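Trainee: mind folding the following:
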Amino acid sequence: MLGKSYLDAAQQGKNDSWYYVVGTLVLFLCGVAGILVQTILAGWVLKFDPALAAQTQAPTLFYEALLTLLRSPSPIAFALNNVPYLAFLVGIAIAVKLVHRRPFRSLVSAERSIRWRLLWQGFWVWFVLVALAVGIEFCLAPGNFSITFDPMTWFPLLGLAVVLTPLQTAAEEFIFRGYLLQGLGNLSRQPVALMMATSFLFSWLHLGNPEMQRSGVWVALLYFAIGVFLAFITLLQGRLELALGVHAANNLFVVLVVNATDSALPSPALITQTQASHPAFVFALALIGMMVFYYWVFEWHRQGS
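Mentor: Numbering: from 1, shown residues only. Predicted coordinates:
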């Protein structure tokens, strides 16, 4: 059965339903703590910004100043936006190790190992595909892109991104394609049902992203499709490394190479897309990329062997 050994990893620890209730509560509390820490740190940063410091006195003005800071394409804002994800990473570690009493690496594979080759394969294949997709967008509408490279901001961003972005994407993968996918496997072994359920949750938690203003339906479908794709390659491979690599490549490309003005991950990237392509077109490019990825990773090497 597709992904059976991967789903069996949940059997290594305490997996009664109430353990998952406690584990989910731990994740929620860590997420709240992360947002609080982010707010405190952001408030401290605002005190050193003359343009925004005066707005921190009244609660409503402080909230507006906080949003202005967090949505700005700067290395400081980038670091602050990653704080909640670091808290979630701590939360998933607590839930797995202390609540379920199972090895943390069992989220990656049933045999508790990590195949770094698979992770790097997923990373570079998807990075190339995203670059090609953005290249197509540029060829069709070059006026929608502008070079925004500033060495004074980009190089500090580079140092932060290579550390924080893999942690941010790993937190999401450990939670959705690791903890939840394996946990729901205790209720059902139907791969389609598992992919649908985890992808619905994944897309639902991204509905507050600024990109939703482009087109709620198409952007939501894009998030859902990405969730299905990541769950599919995880179950097909029986391991999490490919999904970890793909997610890290996707977000690093956005943060460092080509970002958008309405991005959920604002950053001073090399290039900024000032006008997004139609969400339906982006969705179609993503689906093509997923199919090429599947052929490249799962079929091409198999035929050559």
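Trainee: show me what whatever helix or strand residue 23 lives in is packed up against.
Mentor: Taking DSSP states H and E as the criterion, the element that holds residue 23 is helix 17-46. If you count contacts as 3 or more Cβ pairs under 8 Å, 6 or more residues apart in numbering; DSSP states H and E, helix 17-46 packs onto helix 59-70, helix 75-94. Using the backbone N, CA and C atoms, a C-beta is placed for each residue, glycine as well.
Trainee: looking at the ones you listed, which is buried most?
Mentor: helix 75-94 (a mean of 20; mean count of other Cβ atoms under 10 Å).
Trainee: residue 202 and residue 181, how far apart?
Mentor: 10 Å (Cβ to Cβ, to the nearest Å).
Trainee: between these two, who's got more neighbours?
Mentor: Regarding residue 202 and residue 181, a neighbour count based on other Cβ atoms under 10 Å identifies residue 181 as having more, with 29 against 21.
Trainee: the residue lying closest to the more buried one once chain neighbours are set aside: helix or strand, and which one exactly?
Mentor: Closest residue to residue 181 apart from its sequence neighbours, by Cβ to Cβ, 6 or more residues apart in numbering: residue 198 at 5.1 Å. Following DSSP H and E, the helix or strand that holds residue 198 is helix 191-204.
Trainee: now do that helix: distance to the chain's middle.
Mentor: 15 Å (Cα atoms, centre = their mean, to the nearest Å).
Trainee: how about stretch 284-301?
Mentor: Worked out by Cα atoms, centre = their mean, stretch 284-301 lies 19 Å from the chain centre.
Trainee: what do you get for stretch 18-31?
Mentor: Distance of stretch 18-31 from its chain centroid, counting by Cα atoms, centre = their mean, is 20 Å.
Trainee: which of the residues in that stretch are buried?
Mentor: Residues 19, 20, 23, 24, 26, 27, 30 are the ones in stretch 18-31 that count as buried (16 or more other Cβ atoms under 10 Å).
Trainee: what sits up against that stretch?
Mentor: Here stretch 18-31 makes contact (Cβ atoms under 8 Å, 6 or more residues apart in numbering) with 13, 84, 87-88, 90-92, 94-96, 99-100, 175, 179, 183.
Trainee: out of those, which comes closest to residue 190?
Mentor: Nearest to residue 190, judged by Cβ to Cβ, of the contacts of stretch 18-31 is residue 183 at 14.6 Å.
Trainee: so the closest one is in contact with residue 16, correct?
Mentor: No: using Cβ atoms under 8 Å, residue 183 makes no contact with residue 16, being 10.9 Å away.
Trainee: so what pLDDT did the closest residue to residue 209 other than its chain neighbours get?
Mentor: With sequence-adjacent residues excluded and distances taken as Cβ to Cβ, 6+ apart, residue 209 is closest to residue 264, at 3.9 Å. Here the pLDDT value assigned to residue 264 is 86.
Trainee: I'd like to know how far residue 264 sits from residue 214.
Mentor: Residue 264 is 12 Å from residue 214, by Cβ to Cβ.
Trainee: try residue 18
Mentor: Taking Cβ to Cβ as the measure, residue 18 falls 41 Å from residue 214.
Trainee: what about residue 91, distance to residue 142?
Mentor: Look at residue 91 and residue 142: by Cβ to Cβ, they are 43 Å apart.
Trainee: list the contacts for the nearest residue to residue 277 once chain neighbours are set aside?
Mentor: Once flanking residues are discounted, residue 277 sits nearest to residue 137: 5.0 Å by Cβ to Cβ, 6+ apart. By Cβ under 8 Å, 6+ apart, residue 137 lies in contact with 144, 273, 277, 281, 282, 285.
Trainee: all helices of the stretch 201-305 of the chain, in order?
Mentor: 216-237, 241-252, 279-294, 301-304 (DSSP state H, counting those that start in this stretch).
Trainee: so which of the ones you listed comes closest to residue 122?
Mentor: Comparing these under Cβ to Cβ, the one sitting nearest is helix 241-252, at 2.8 Å.
Trainee: so, low pLDDT: which residues of the chain?
Mentor: Residue ranges of the chain with pLDDT under 70: 1-4, 49-60, 216, 301-305.
Trainee: list the contacts of the nearest residue to residue 115 once chain neighbours are set aside.
Mentor: Nearest non-adjacent residue to residue 115, counting by Cβ to Cβ, 6+ apart: residue 241, 5.4 Å away. Neighbour list for residue 241: 108, 109, 114, 115, 116, 118, 119, 122 [criterion: Cβ under 8 Å, 6+ apart].
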